[in-house]
Structures are given as C-alpha cells and as structure tokens.
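Chemist: Okay, sequence plus prediction incoming.
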Amino acid sequence: MSQRLVLLAKSILTMDRPQPIEDGFVIVQDHRIIQVGKRKDLFLHPSVRMLDLGDTLLLPGLINAHCHLDYTLFKGRVRHEGGFQEWLRKMGRKTRETSTADFKRSIQKGIQESLIYGTTTLCDTATSWESYSLLRHSALRAFVFLELIDMGNPSAMRYWAQIREKLKILTKDQPPTETFGWGLSPHTPFTVSKELLHFAGLFLNGNGKPLTSIHLAESREEASYFRNGKGPMAERIKVLNPAWTIPRKTTPVQYLNENGWLPKLDLGVHLNLVGERDIKLLAKNRISVVHCPGSHAYFRHPVFPFRKFKRAGIPVCIGTDSLASNQSLSLFREMRLFRKNYPGVSSPEILSMTTVKPAQALGMGHQLGKIKPGYLADLIGIPMSRWKPEPDRLYERVIQFSGTVSFSMIHGLPRLRVS
Ligand SMILES: [Zn+2]
C-alpha cells in the first residue's frame, strides 16, 4: 500500500455534487481517491504527505473523446478548399508523405499540449498506429483506437489479414495496462468496405469487445453519397476501386446498422446530419456522440443537432479532433465554443461533456470523471488567484478558462505543477 497524499485546495468541483467544496481536501492512495471533504474536518497524523495547492480550483481531469495526435504537426498545413472530400484527399497524400519519425514528433507534441491544457484521458484515433506505444508509455491515461481504412485496397481480406497480424504482435508485446487500452476505429462508413466491416465485426465478437469509434454522418457530401450514390465521394471511390459497392437510399447511420455495426459501436464521432430514424437507432444502441466544436466550425458543417440528441437521451461528449482542422487541443476552448453556440445549456452540463459523459462512454463511469471516494485519482487544478469570489459562477469560470492548468494528477501521480 502506497503512502497517502493529501491535496489541499481553495475550492473543489467534484462533478459528484452540485455545490463546490470551499477550502477542501482530497486524500489519494494507491491511484485512487479515498476521501474528499472540507479542510476543517481533516484530522491526520502529522507525518502524512501534504500538497497545499493554495488558490487553486481542483476538478476532475478532462477527457478528450476524440483526437488524432498523428496530425498535431499538420496544423495550418492542409487547407480546406474545394469541399470535404478534397480535404480528405489532401490529408491522405500528406499522411503518405509523412515519415514515422515525424509522426512520433507529432504525437509527443500532442501529448505535451494535451497535458498542459488539463486533459488526463485521451481517446486517440491512430492512423499511423505509432501512438499505441507512445501513449502507453506517456503520463496520460489513454485509449488508442487503431484506424482501419481499405478504400483503394483491392482485397479487404488481405488487408484484414495484415491488420490481424500487426494487432497480434502489438498487443502481445505491449499489452494494455491500468492506464492504457486500445480499440478499433473503422475510419468512416465510406472509406471502409462492407467486407472489412464484416471481418472486423466478427473479430470484435470473439475478442471481448474492445472499444470502438467511427467518424459518422459528418458532411453533406457523405449524406449525398449514401442517399443517391453521387457526389465527390462516389467519384473518388470509382477511380480508386471500380468494384466497390456504392450504397443508395440509405444514411450513414442506417448503413452501419444494415452491416451489423451499430450494436458494436461505442463512440459515434460528429453526427452532424441525422434524421429521426437515425436518432432512434443511435438511442436504441446506446451510442455516445462526440462533437468537436472547433473542427465543426472549421469545415462549416451543418448545425450540430444537440437538442435532438438531448431529447432522445443520447449522451454528447466533446473532443478536439486533430490540429489539421483545429487550432488547439484545449478542451476548455472546445467548451467555450460550445457555450457560444448553445447559450441555453447549463455550465455543469457542458463540463459533464468533458468529464462524466465521456467516462461513461468508455465504460468507466463508475471510476472516472468525478472527484469521489473510490474513483481513480485523475485531477487538475486551475489558478484562481485573480478570480473574484463568485461561487455561483464557478462552473462558467471553468468553461471560460483560457490558460494552461497549474496542476495535473493522473492515476494518483502528480504529472504537472506550476507554482
Ligand atoms: Zn476525427
């Protein structure tokens, strides 16, 4: 059993109870929170290790439900002109031109940026697969979604056989740890073949169901491809693979359902264009939606239907997407952008989209996303010294916070402290 550590802070937002704890403490032992309360109620042996964070607001570490650390160095390098499919094509070319060393530099830079902006858990969609090892050995808690994409590949069966081999070696040599897990992410329903969806689906059934994520119903072009088999995506696929089956008279969500994938899906990323039937299917299959406000604004996608999801009881989480389509990996910035677009949504609800809701989406709602006894000790601190004492506005102050965090603890270990 490791030594107890007592954190003292001016204020604590637990996300477990609505009111903040003023002059509070959190006791951490063996990676977990064992007690939370008010300083005046703290009775301890003088030898216990204390860390007084002073004028700091402590809150649960933020969970980035979707990003691509592979592309951190692509910031400002892939311009969005000529439509979404054209941007995807340019991204594909840039990815093929990028060396393994550059992907590694990009991922390391993304890890550092995530840490300073208060992310403690990161869901990374990995195109190069290099983030598997780097995130596994990083300070962050991470889930790496290994990306599958076989558009342009003549044989889904051969592609899948190679993936299986790579996966076997990777997960045997570097198995999951207490702070690291992996999942699968078919890239989109239009860049992954029906056959590959089928093989990956069979694999999931027989392997304890790793987490899954997919980009879904993001753009108008994707909607038109599934509706009538026309548009830039259909044109591109016909050039790359004339034998590819182009769907018609359906939607991206319904297409995934027809191919048996909705019951297997945990995180549906984007979902900007959905009809009533799509919403019913997402709710029925208990899928969590990930909205990326910065990336959404960059592409000028149609309005994100937050209220429809809320009415249907579908949880919405927030992610940053990659720096190829966003300016920062700060979830505070994403929450601020969300606030601007949805002024009627309460501040605690917005903060839950980067804490409680993504924790639940990852199947960790009982141990992540709150400061609560028994939960994993993932906490961040924000400096409050310049704040006016307005306890009623604390949640909103968090959402409007534009700096870097002054403290970060992940799995019970202090990882960042600025005094
Ligand atoms: Zn993405």
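Modeler: Thanks, I have the structure now.
Chemist: Flag every buried residue along stretch 78-93.
Modeler: For stretch 78-93, the neighbour count (16 or more other C-beta atoms under 10 Å) marks 78, 83-85, 87-88, 90-92 as buried. To be clear about C-beta, it is placed using only N, CA and C from the backbone, and glycine gets the same treatment.
Chemist: and E222, what helix or strand is that in?
Modeler: Take DSSP states H and E as the rule and E222 turns out to sit in helix 220-228.
Chemist: Would you reformat the buried residues of stretch 78-93 as CSV and include secondary structure?
Modeler: Formatted as CSV, these follow (DSSP: H, G, I helix; E, B strand; the rest coil):
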residue, secondary structure
V78, coil
G83, coil
F84, helix
Q85, helix
W87, helix
L88, helix
K90, helix
M91, helix
G92, helix
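Chemist: now those residues as CSV including pLDDT?
Modeler: Shown next, in CSV, are these (pLDDT from 0 to 100):
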residue, pLDDT
V78, 77
G83, 84
F84, 85
Q85, 85
W87, 86
L88, 86
K90, 88
M91, 85
G92, 87
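Chemist: Out of the residues you listed, which is nearest to I33?
Modeler: Nearest to I33 among the buried residues of stretch 78-93 is M91, at 40.5 Å by C-beta to C-beta.
Chemist: so that closest one touches V78, yeah?
Modeler: Yes. Counting by C-beta atoms under 8 Å, M91 touches V78, with 5.6 Å between them.
Chemist: G268 versus the residue positioned nearest the centre of the chain, what's the distance?
Modeler: Central residue of the chain (C-alpha atoms, centre = their mean): A65, 1.4 Å from the mean position. The spacing between A65 and G268, counted by C-beta to C-beta, to the nearest Å, is 11 Å.
Chemist: between those two, what contacts are shared?
Modeler: Common neighbours of A65 and G268 (criterion: C-beta atoms under 8 Å, 6 or more residues apart in numbering): 288, 290.
Chemist: Show me the shaky parts of the stretch 201-350 of the chain.
Modeler: Scanning the stretch 201-350 of the chain for pLDDT under 70 picks out no residues.
Chemist: all strands for it, in order.
Modeler: Ranges of strands in the stretch 201-350 of the chain, per DSSP state E, counting those that start in this stretch, are 211-216, 267-270, 288-291, 316-318.
Chemist: do the stretch 51-200 of the chain as well
Modeler: Assigned strands in the stretch 51-200 of the chain, in chain order: 56-60, 62-67, 119-126, 141-148, 180-186 (criterion: DSSP E, counting those that start in this stretch).
Chemist: Out of the ones you listed, the one nearest T171 is which?
Modeler: Across the strands of the stretch 51-200 of the chain, closest to T171 is strand 180-186 (C-beta to C-beta), at 6.9 Å.
Chemist: returning to what we had before: okay, buried residues for the helix holding E222 please.
Modeler: Neighbour counts using 16+ other C-beta under 10 Å place 221-226 of helix 220-228 among the buried residues.
Chemist: how big is the angle separating that helix from strand 211-216?
Modeler: Put simply, helix 220-228 runs at 90 degrees to strand 211-216, going by axes from the mean of the first three to the mean of the last three C-alpha atoms, to 10 degrees.
Chemist: For helix 220-228, output the C-alpha coordinates as CSV.
Modeler: What follows is helix 220-228, C-alpha atoms only, in CSV (Å, rounded to 0.1, in the frame of the first residue of the first chain):
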residue,chain,number,x,y,z
ARG,A,220,-23.2,17.0,-46.7
GLU,A,221,-21.0,15.0,-49.2
GLU,A,222,-21.2,11.9,-47.1
ALA,A,223,-25.0,12.2,-46.8
SER,A,224,-25.4,12.6,-50.5
TYR,A,225,-23.1,9.5,-51.2
PHE,A,226,-25.4,7.3,-49.0
ARG,A,227,-28.6,8.9,-50.3
ASN,A,228,-28.1,8.6,-54.1
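Chemist: Could you list the domains of the protein?
Modeler: 5-60+369-417, 62-361 (automatic domain parsing).
Chemist: The last one: how far from the chain's middle?
Modeler: Read that as domain 62-361. For domain 62-361, the gap between its own C-alpha mean and the chain's C-alpha mean amounts to 9 Å (C-alpha atoms, centre = their mean, to the nearest Å).
Chemist: end-to-end on that domain?
Modeler: End-to-end distance for domain 62-361, by C-alpha to C-alpha, to the nearest Å: 14 Å.
Chemist: now what about the helix holding E222, what contacts it?
Modeler: With contacts defined as C-beta under 8 Å, 6+ apart, helix 220-228 is touched by 83-85, 188-190, 217, 230-234, 246-252, 254-255, 273, 301-302.
Chemist: Just the buried ones from the residues you listed?
Modeler: Neighbour counting by 16+ other C-beta under 10 Å classes 83-85, 188-190, 217, 231-234, 247, 250-252, 254-255, 273, 301 among the contacts of helix 220-228 as buried.
Chemist: Mind checking which of those residues land in helices?
Modeler: Among the buried ones among the contacts of helix 220-228, the members falling in helices (DSSP state H) are 84-85, 232-234, 252, 254-255.
Chemist: okay, those residues in a markdown table with distance to R336 next?
Modeler: Output for those, formatted as a markdown table (distance: C-beta to C-beta, whole Å):
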| residue | distance to R336 |
| --- | --- |
| F84 | 25 |
| Q85 | 30 |
| P232 | 33 |
| M233 | 32 |
| A234 | 37 |
| P252 | 29 |
| Q254 | 34 |
| Y255 | 34 |
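Chemist: L170 reaches E130, doesn't it?
Modeler: No. Using C-beta under 8 Å, L170 is not in contact with E130, being 10.9 Å away.
Chemist: So which of these two has more stuff around it?
Modeler: Neighbour count, other C-beta atoms under 10 Å: between L170 and E130, E130 has more, with 20 against 17.
Chemist: ok so, going back, closest one to S419 out of the ones in helices among the buried ones among the contacts of helix 220-228, please.
Modeler: The nearest member of these to S419, counting by C-beta to C-beta, is F84 at 45.3 Å.
Chemist: do you know how far that closest one is from I246?
Modeler: Here F84 is placed at a distance of 17 Å from I246 (C-beta to C-beta).
Chemist: Please apply the same query to G37.
Modeler: 60 Å.
Chemist: go on, H31?
Modeler: H31 sits at a distance of 49 Å from I246 (criterion: C-beta to C-beta).
Chemist: for H68, same thing?
Modeler: For H68 relative to I246 (C-beta to C-beta), the value is 26 Å.
Chemist: P176 too?
Modeler: Taking C-beta to C-beta, one finds P176 at 37 Å from I246.
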